[in-house]
Each structure stands twice: as C-alpha cells, then as structure tokens.
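>>> Build the 3D model from these lines:
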Amino acid sequence: MHRTLTESALSFVNRQSKIKVTLVSIALVFILGLVDIETGLEVHLHFLYVLSIALAGWFVNRRAGIYVALLCDIVVLAADIIGGRQYSAPWILYWNFLMRGGLFVFVAFALSQLHSKFEILSELAGRDMLTGLPNVRAFYDLTSREIENGSSLQPLSFAFVDVDGLKWINQRLGYATGDQLLCMIAQTIKQNVPRPELIGRVGGTAFAVLLPNITAQDAGTILEKIQIELKEERRKYAQPVTFNISAIVCPRAPRSMAELMHEAESRMTRMKGSSKDAIQISEVDSVPALN
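Residues are numbered from 1 along each chain as shown. Below you'll find the predicted structure:
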C-alpha cells in the first residue's frame, strides 16, 4: 500500500512541468521560513528545508537545486535574525551561514548526481541490448502511459511482428547472422511507423508496435509496408525465414495494456508455424478481460 502511494506521488510530480516544481519548491522554502519564525529558536526545521532542496534537485535539475539550497540558507538566516537568536560572538552567525549553506548545496549537488545515474541505469535496464529497443517491461510501461494519457475515444492499433526460422539461421549461419536479422527487423519497423518510440522487443523473435489514433485502414497500410520491406531484406540475404504480423485494431482504447497484449499474443500464437508469410489484422469492438 505504502509503495503504491509513493510510486503514485513520484509519478504525479514527474508529470508536472519543471517551472511548476521549481515554484512549489520556492514557495515551500518561504512557508518553512514563516513556520521557523513562529516555532521559535528551540525547534529546528533543517530536515524540511532539505526536502524542498530535494524536490528541485531531483525533479528539475542541478542548478535549480543549488539555487533553492542557497535560498534555504538565506531564509534560515533571516528566521534566526528575526527570531532574535543570540550568539556569544558575531562571527558564529556567519560561520553557521556558510556551513549550513555548504551542506545544503552539497545535498542539492549529490541528489542531482544521483538522479542522473538513476536515469542512466533505468534507461539501460529498460533497453534490449541487441536492438536498442525497449524491452518487454519498458514497452509495457511506455504503452500503458500512452493509453492512460490518450483519449479513450480514439482508435488504437497494436501489432506483433514475429520471425520464424531464426533457430535455423543461428545453427547454420551463426548467432551473429541471427543478431543481424533481428536488428534489421527492428530498424525496418522503426522506419515505417509514425511513433518509433512505441516499438519494443518483447520476446526472442517477437516485436510489438503500438499505433495510437490509427484506424484499421491506416494500420493495414503501415503493416503491409513493413512486411514488404522485410521480404525485400530476406531476398537480399537469401535467408529462409518467414514473417508473421498479427494486429488488433480497437475503435477506442482498451481498459489496460495487459489485456491488449494478451489478446494479440494469443492471435499470434495461432498464426505461428506456417511456412508462408502471413499478416492478419482484426478489428475488435472490445478486448476480453483477463479476469
């Protein structure tokens, strides 16, 4: 439950513009400053200031995090002066200001660095190392967000592209040739779809394509062109493989990506095993529920 709430909160902040997040961070600093004055000298709110720094440093960028960190230091200094905090020597006030500012800036810098590393690792974890396409998990996340953010009344097409005969190529011609074939398929699909970022490698020989706001006629044109170009590449290298394409066209977006993928995969399973290239495009009013 807590994990779900945390993920939802992080997802919500990620969807906001950087300007909005920066303004919220700045507003939070001033609110904390007022609370700091009201609570007096005995209660410290430094940890809460760090949260505002983290908001800017993680969700915006390093520069915003550092600026908010410096603002936090100035606001804390102002709260101390207005609150009447006394020191045994004047230089202690400035020493605390510098030390606190250094700590705040370090937190902003460290969080921005950590976020950059996190983004790189997330990107690598979500990529198929051979083709560079999103792997099955990343593809599912991408397409799920696309369905959630799009209009439920818009048509949507989803297709599986699968190759039969890769095992023969790996055994007779070597795995390097098989890898070249898979990369060729990925590149061919990317060159012929309107949204190349919505393609994924979802299995050893299977690729998936989401075509938002695409009608059955347009989906047929796109997928037939893909299959024609795949056949031309096969002829060029004289490779004994067949290409199967199974697509579902919905007049409106389905309830979930899982249901759409399950239905398309079931249809592809029934198509596999044929010695001839096949393409099947099915228009469905609704996708069967999984439960």
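>>> Give me the buried positions along stretch 140-152.
140, 142-144, 146-147 (16 or more other C-beta atoms under 10 Å). (C-beta placed from N, C-alpha, C; glycine too.)
>>> Could you do stretch 173-183 as well?
Using 16+ other C-beta under 10 Å as the test for burial, stretch 173-183 gives 178, 180-182.
>>> Now tabulate those in JSON lines and tack on distance to residue 84, secondary structure and pLDDT.
JSON lines is the format used below for the buried residues of stretch 173-183 (distance: C-beta to C-beta, whole Å; DSSP: H, G, I helix; E, B strand; the rest coil; pLDDT from 0 to 100):
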{"residue": "178", "distance to residue 84": "76", "secondary structure": "helix", "pLDDT": "89"}
{"residue": "180", "distance to residue 84": "75", "secondary structure": "helix", "pLDDT": "91"}
{"residue": "181", "distance to residue 84": "76", "secondary structure": "helix", "pLDDT": "91"}
{"residue": "182", "distance to residue 84": "71", "secondary structure": "helix", "pLDDT": "93"}
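>>> which one of the residues you listed is nearest residue 48?
residue 182 (51.3 Å; C-beta to C-beta).
>>> quick one: the closest one and residue 166 touch, right?
Yes - under the criterion of C-beta atoms under 8 Å, residue 182 makes contact with residue 166 at 7.5 Å.
>>> Now for these two: what residues contact both?
Common neighbours of residue 182 and residue 166, using C-beta atoms under 8 Å, 6 or more residues apart in numbering, are residue 205.
>>> tally of neighbours for residue 258?
By other C-beta atoms under 10 Å, 14 other residues sit near residue 258.
>>> Can you tell me the element it falls in?
helix 257-271 (DSSP states H and E).
>>> Could you do residue 48 as well?
helix 46-59.
>>> per-residue confidence averaged over that helix?
Averaging pLDDT along helix 46-59 yields 90.
>>> So which bits of it are buried?
By 16+ other C-beta under 10 Å, the buried positions in helix 46-59 come out as 49-50, 52-59.
>>> pLDDT weak spots in this structure?
The model of the chain has pLDDT under 70 over residues 1-7, 41-42, 150-153, 237-238, 273-275, 286-291.
>>> How about residue 147: what's its closest non-neighbour residue?
Once flanking residues are discounted, residue 147 sits nearest to residue 253: 5.1 Å by C-beta to C-beta, 6 or more residues apart in numbering.
>>> So that neighbour, which state does it fall into?
coil (DSSP: H, G, I helix; E, B strand; the rest coil).
>>> quick one on the thing from earlier: which helices and strands does the helix holding residue 48 pack with?
helix 2-15, helix 18-39, helix 62-82, helix 90-125 (3 or more C-beta pairs under 8 Å, 6 or more residues apart in numbering; DSSP states H and E).
>>> May I see those organised as CSV, with mean neighbour count and distance to residue 246 added?
Output for those, formatted as CSV (neighbours: other C-beta atoms under 10 Å; distance: least, C-beta to C-beta, whole Å):
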stretch, mean neighbour count, distance to residue 246
helix 2-15, 10, 31
helix 18-39, 16, 41
helix 62-82, 20, 46
helix 90-125, 14, 28
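>>> what does the helix holding residue 48 rub up against?
With contacts defined as C-beta under 8 Å, 6+ apart, helix 46-59 is touched by 13-14, 16, 18, 21-22, 24-25, 28-29, 32, 64-69, 72, 75-76, 100, 104, 107-109, 111-112, 114-115.
>>> Residue 72: what's its closest spatial neighbour, skipping adjacent residues?
Distance criterion C-beta to C-beta, 6+ apart; nearest residue to residue 72, sequence neighbours excluded, is residue 49 at 4.3 Å.
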